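# Coordinates for the following, if possible.
(one chain, ligands or ions: 1)
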Amino acid sequence: MTQPFWGPDFTALAQEDPQIADILLAELDRQRGGLQLIASENFTSPAVLAALGSTLSNKYAEGYPGRRYYGGCVEVDKAEVIGMERAKDLFGAEHANLQPHSGASANIAAYGAFVKPGDTVLAMSLPHGGHLTHGSKVNFSGKWFDVVSYGVREDTELIDYDEVLALAKQHRPKLIICGATAYPRLIDFAAFRAIADEVGAILMVDAAHFIGLVAGKAIPSPVPYADVVCFTTHKVLRGPRGGMILCKEEHAKAIDKAVFPMMQGGPLMHAVAAKAVALKEAATPEYQRYAADVIANAQALAAGLADEGMRPVSGGTDTHLALIDLQGVGVTGAEAEERCDAAGITLNKNAIPYDPNPPAVASGIRVGTPCVTTQGMGVGEMKTVASLIGRAVRDEGDPQSVRDEVGELVAAFPAYPAD
Ligand code: DSN
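Down below sits the predicted model:
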């Protein structure tokens with residue numbers, strides 16, 4: 001095989017567009033130079049990046065393998081078929097669609113396949129950890145559907161399955177959604193299946209946050225229980241930015257038609273190929289160890305933050321993320337995000353259940369361990385990370401001294417090492 005001319009160096013870009021080349025290099029420095037604790041981010045592999053930066057980006061391929069609306073799809077067809085087969089094998093799914101451009105696009109397609117504007121949908125409320133696309137009034141989901149929300153109990157901060165059942169019986173939704181962006185605990189998919197069956201609803205699992213843990217066999221899978229599972233590919237799963245859908249064979253046609261032509265035009269074939277690469281990586285024993293380590297690190301980080309006087313919502317985590325209530329240290333989420341940023345620690349402010357503050361201020365932060373675990377950090381380092389966050393959040397001393405220690409820590413576990 002000949003060496004592709006677009007090989008992984010910045011020379012052509014740096015010569016043609018130094019402004020953008022500088023931004024790419026500065027962003028690489030930023031990712032390497034600080035602690036990346038956004039629960040929905042990861043460091044994808046050089047192989048995935050190579051597929052993303054490939055000439056597959058040039059190809060229009062509206063349709064599906066063997067049924068395209070353009071000529072010249074012979075090679076991209078192969079990539080998509082390989083990716084679909086890998087997804088079905090990895091997750092034990094009957095059908096896979098790799099074309100959604102994002103998690104939100106995947107969710108729009110699932111709505112499109114199963115409900116019509118005005119239909120009733122039951123989903124987790126955003127302030128309790130759900131997602132914008134689960135019925136927020138500012139999102140298509142809240143504008144087009146009659147969305148009823150369930151939340152977590154105030155005393156346990158866990159999903160109240162009795163409330164979900166009661167709401168389902170009262171409102172008879174056509175679609176029930178489970179899955180969240182800031183819920184640190186396992187979701188009982190069997191309970192949701194039983195509730196959906198009781199009222200004759202379709203069960204959609206938005207697995208964007210935790211699908212990588214499922215791929216690594218570190219937590220139970222929603223696939224046997226759900227009619228449809230939607231997710232992003234760039235979180236714990238460590239693939240390219242993008243979305244994916246798994247479903248039962250009986251729903252395959254409806255899902256495929258909802259992705260294209262209802263919701264999208266041409267698929268991003270470079271992203272589809274990169275998803276295939278990530279799925280191959282996720283099928284390895286190394287990835288399974290990684291997924292288990294992500295959870296062990298999140299648990300160690302939550303415990304370390306509790307030692308710093310910051311309360312993990314629900315008492316801890318079963319997954320890759322912890323939601324931390326800062327009311328005990330008298331700092332808002334917005335202040336904490338800003339102070340951590342100044343110290344080279346990237347995380348996000350986050351509403352906690354029953355939050356007295358508005359979302360732009362928030363009483364909590366969300367921390368996740370996909371990135372630091374990819375870097376090779378373990379539970380020992382999580383104690384250090386917790387202490388650095390504690391000093392930054394409490395604004396003790398000079399943020400530069402925390403920043404210097406962050407720099408030393410990440411230098412020992414470099415993201416994208418040079419060799
Ligand atoms: N924005 C993602 C997150 O950070 O959880 C969800 O879409």
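# avg pLDDT for the lengthiest helix in the chain?
Longest helix of the chain, by residue count under DSSP state H: helix 285-307. Averaging pLDDT along helix 285-307 yields 98.
# Residues in contact with that helix: which ones?
184, 212-213, 215-219, 236, 238, 281, 312, 316-322, 324, 367-370, 372-374, 377-379, 382-383, 385-387, 389-390 (Cβ atoms under 8 Å, 6 or more residues apart in numbering). Backbone N, C-alpha and C define where each C-beta goes, glycine included.
# filter those to the buried ones?
Buried subset of these (neighbour count, 16 or more other Cβ atoms under 10 Å): 184, 212-213, 215-216, 218-219, 236, 238, 281, 312, 317-322, 324, 367-370, 372-374, 377, 382, 385-387, 389-390.
# In strands, which of those residues appear?
Among the buried ones among the contacts of helix 285-307, the residues falling in strands (DSSP state E) are Pro312, Leu321, Ala322, Ile324, Val367, Gly368.
# from those residues, which single one is nearest Gly242?
Closest approach to Gly242 among those (Cβ to Cβ): Gly368, at 18.8 Å.
# who's in contact with the closest residue to the closest one other than its chain neighbours?
Distances taken as Cβ to Cβ, 6 or more residues apart in numbering put Ala39 closest to Gly368, at 2.5 Å, once the chain neighbours are dropped. Ala39 makes contact with Ala182, His209, Lys235, His320, Leu321, Arg366, Val367, Gly368, Thr369, Pro370 under the criterion Cβ under 8 Å, 6+ apart.
# My read is that the first one contacts Leu321, right?
Translated: Ala182. Yes. Between Ala182 and Leu321 there is a contact at 7.2 Å, judged by Cβ atoms under 8 Å.
# Which residues are in contact with each of the two?
Ala39, Arg366.
# Of all the residues in the stretch 101-250 of the chain, which one is nearest the ligand?
Thr181 (3.6 Å; Cβ to the nearest ligand atom).
# returning to what we had before: the longest helix of the chain: how far from the chain's middle?
The chain centre lies 16 Å from the centre of helix 285-307; the measure is Cα atoms, centre = their mean, to the nearest Å.
# Strand 321-325 and that one, what's the angle between them?
Orientation note: helix 285-307 sits at an angle of 10 degrees relative to strand 321-325 (axes from the mean of the first three to the mean of the last three Cα atoms, to 10 degrees).
# Stretch 25-42 spans what distance, first to last residue?
Terminal residues of stretch 25-42 lie 17 Å apart, using Cα to Cα, to the nearest Å.
# Can you list the buried residues in that stretch?
Buried residues in stretch 25-42 (16+ other Cβ under 10 Å): Gln31, Arg32, Gly33, Gly34, Leu35, Gln36, Leu37, Ile38, Ala39, Ser40, Glu41, Asn42.
# That stretch and the ligand, any residue contact?
Yes. Judged by Cβ under 6 Å from any ligand atom, stretch 25-42 and the ligand are in contact via Ser40.
# average pLDDT for that stretch?
For stretch 25-42, the mean per-residue pLDDT is 96.
# rewinding a little: keep only those of the buried ones among the contacts of helix 285-307 that are in helices.
212-213, 215, 281, 370, 372-374, 382, 385-387, 389-390.
# Tell me the one among those residues nearest to the ligand.
Once Cβ to the nearest ligand atom is applied, the member of these that ends up nearest the ligand is Pro370, at 11.2 Å.
# surely that closest one meets Gly212?
Yes. Counting by Cβ under 8 Å, Pro370 touches Gly212, with 7.2 Å between them.
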